[in-house]
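Q: got a predicted model here, sequence first, then my questions.
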Number of protein chains: 2
Amino acid sequence: MAIPSTSIQGTLADQVFKKLQDDIVLGVLPPGSKLGETELATRYGVSRGPLREAIRRLEARKLVERAPHVGARVAQLSLQDLIEIYHVREALEGMAAKLAAQNMTDEAVKALYEVLAQHEQQQDIKEDVAYFQREGDLDFHYQVIHGSHNKSLIQMLIGDIYHMVRMYRYQFSTVTNRPQLALREHRQIVEAIEARDGEMAEWLMRRHIRRARENIERQHKAGIEPKVGHVKE
Amino acid sequence: MAIPSTSIQGTLADQVFKKLQDDIVLGVLPPGSKLGETELATRYGVSRGPLREAIRRLEARKLVERAPHVGARVAQLSLQDLIEIYHVREALEGMAAKLAAQNMTDEAVKALYEVLAQHEQQQDIKEDVAYFQREGDLDFHYQVIHGSHNKSLIQMLIGDIYHMVRMYRYQFSTVTNRPQLALREHRQIVEAIEARDGEMAEWLMRRHIRRARENIERQHKAGIEPKVGHVKE
DNA sequence: TTACTGCTCTTTGTCTACAAAACACATAGG
DNA sequence: CCTATGTGTTTTGTAGACAAAGAGCAGTAA
């Protein structure tokens, strides 16, 4: 009954994809750096075939930019791009909160309260830290999104946007994000969900994310610049 | 100064990707049918390499489903999935309308009115027909989305969701979609955008898409079933 | 000095061949 | 008669070799 060894970690292409994504998101491969196929293939110990597949998938996720016959580079992202993504998040997570109020099970709501309590204990928690660092069920936004029971929504927020935002956080100096206010806002959202008040939940979630965006825009105007990754030639 | 011949149509992988996507969206390859690499490679006259890349990109767009060591199949989509996508559209296009009211140029608003006038002349037009058949600037939703001036939003709606919805329309009997009402709703949206009333534009757009979804759900409950594509073995 | 042209060299795109995993069928056992 | 197991075939995954397009550099002419 033993599972074949290769299936445990998936195909080589899958492994390279995950590793490469991590290296990009965590800044090991700085933004704008060239992704030479031969170089990376030897680096990860695979042939160029699986590596090309990994690059294509990352291209679809907008983590790398590619030009035919020229090659791929780690996506270089402007603060304007980040702000645009927060508009998308506002729309999608707002909808997620609304649907969560409608569709979430009572057990899931209870679990949400527990996450909340846990966060309130670690008062030094930074806004979105959990969302960006823990990949699991322990995060607030993560649980609300899943509570929507909408596969497309989950896919877009967790699968696609998640990694982009994570990369941004390594490119730009991380904004210090109003921990107490965020916690209050989280609690309000959960209470709206528990009350099955979808409209309220959506409105609160949108305000929550809008405020985060406005916070970023403020710092932007204040002249905060991204840490420029030295483009590795 | 002649452009190299291969660059005109892009790489083989690009060509195969476009062709394969068309064949899937238009139903030439029915939902659920197996996408054998060798078979398709010979069919499109290329080797398996470029074909695999095309399949991976379609997988990222959720047009094909794949299992390791098993292969890829054309995505089989339930009506529930379609409804979920309309929730996403409601959120995203609502935001697009709001941003369009803020960012659209006066010229673009004028062009929008012209599209509207054109649609009002062909009274037999069906809701969303333009959105799904014309791929260009002539469509109402298309222009509003672009008016948002938000690259992520445009990418998600035009690049990703667009093709999925298009495929659904071939899988399911096309709903007859209230042409007169839709036109009235379109006009209201344009007027809100012209008045630079973002909140109103968003609210109207969301209602517009919500009604389309409710229309689908009604027909669903009435027992309308998808045309089952015979799964080609 | 500067701009253009041609060459070379590197990198990407593509193809073919081989390895490995899954599926299908047949056969034997309960 | 049904189930389980083993073998053969098919299909996917991976590697390596070849073809072609782009980038950089040198040399030459204005």
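A: Arrived safely, thanks for sending.
Q: next structured bit after the host helix or strand of A:Met164?
A: Element membership of A:Met164, judged by DSSP states H and E, is helix A:162-171. Where DSSP H and E defines the elements, the next helix or strand beyond helix A:162-171 is helix A:179-194.
Q: what packs against that following helix?
A: On a contact count with 3 or more C-beta pairs under 8 Å, 6 or more residues apart in numbering or on different chains; DSSP states H and E, helix A:179-194 meets helix A:79-103, helix A:106-121, helix A:140-147, helix A:198-221. Glycine gets a C-beta too; all of them are placed from N, C-alpha and C.
Q: if we use 7 Å, what do you get?
A: In terms of contacts (3 or more C-beta pairs under 7 Å, 6 or more residues apart in numbering or on different chains; DSSP states H and E), helix A:179-194 is packed against helix A:79-103, helix A:106-121, helix A:198-221.
Q: of all these, which one is nearest DNA strand C?
A: helix A:79-103 (23.6 Å; C-beta to the nearest atom of the strand).
Q: does that closest one come close to chain B?
A: Yes. Using C-beta under 7 Å from any C-beta of the partner chain, helix A:79-103 comes into contact with chain B via A:84-85, A:87-88, A:90-92, A:94-95, A:99.
Q: picking that back up, can you put the helices and strands packed on helix A:179-194 in JSON lines and add distance to A:Gly159?
A: Shown next, in JSON lines, are the helices and strands packed on helix A:179-194 (distance: least, C-beta to C-beta, whole Å):
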{"stretch": "helix A:79-103", "distance to A:Gly159": "12"}
{"stretch": "helix A:106-121", "distance to A:Gly159": "20"}
{"stretch": "helix A:198-221", "distance to A:Gly159": "18"}
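Q: got these as JSON lines, with mean pLDDT and distance to DNA strand D columns?
A: Output for these, formatted as JSON lines (pLDDT from 0 to 100; distance: least, C-beta to the nearest atom of the strand, whole Å):
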{"stretch": "helix A:79-103", "mean pLDDT": "96", "distance to DNA strand D": "24"}
{"stretch": "helix A:106-121", "mean pLDDT": "88", "distance to DNA strand D": "34"}
{"stretch": "helix A:198-221", "mean pLDDT": "92", "distance to DNA strand D": "32"}
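Q: any chance of those helices in TSV with mean neighbour count and distance to DNA strand C as columns?
A: Listed next are these as TSV, based on neighbours: other C-beta atoms under 10 Å in any protein chain shown; distance: least, C-beta to the nearest atom of the strand, whole Å:
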stretch	mean neighbour count	distance to DNA strand C
helix A:79-103	23	24
helix A:106-121	14	33
helix A:198-221	18	33
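Q: out of these, which is closest to B:Phe172?
A: Minimum separation from B:Phe172 across the helices and strands packed on helix A:179-194 (C-beta to C-beta) falls at helix A:79-103, 22.2 Å.
Q: show the pLDDT at the spatially most central residue of chain A.
A: The C-alpha lying nearest the average C-alpha coordinate of chain A belongs to A:Tyr162 (C-alpha atoms, centre = their mean; 1.7 Å). pLDDT recorded at A:Tyr162 is 86.
Q: ditto for A:Tyr131
A: In this prediction, A:Tyr131 has a pLDDT value of 48.
Q: same question for A:Val190.
A: pLDDT, the model's per-residue confidence, is 96 for A:Val190.
Q: and what of A:Tyr170?
A: For A:Tyr170, the pLDDT comes out at 79.
Q: what about it, neighbour count?
A: Using other C-beta atoms under 10 Å in any protein chain shown, the number of residues around A:Tyr170 comes to 18.
Q: quick check: it vs B:Val190, distance?
A: Using C-beta to C-beta, to the nearest Å, we find A:Tyr170 at a distance of 41 Å from B:Val190.
Q: cool, and A:Gly27?
A: Counting by C-beta to C-beta - A:Gly27 and B:Val190 are separated by 44 Å.
Q: before we move on, what about A:Pro179?
A: From A:Pro179 to B:Val190 the distance is 43 Å (C-beta to C-beta).
Q: how far does stretch A:33-50 stretch from start to finish?
A: 20 Å (C-alpha to C-alpha, to the nearest Å).
Q: can you list the domain ranges for chain A.
A: A:5-74, A:79-221 (automatic domain parsing).
Q: among those, which comes closest to B:Tyr113?
A: domain A:79-221 (25.3 Å).
Q: close to chain B: what parts of chain A are there?
A: Chain A has residues A:10-11, A:52-53, A:56-57, A:60, A:68, A:84-85, A:87-88, A:90-92, A:94-95, A:99, A:150-153, A:156 near chain B, with proximity defined as C-beta under 7 Å from any C-beta.
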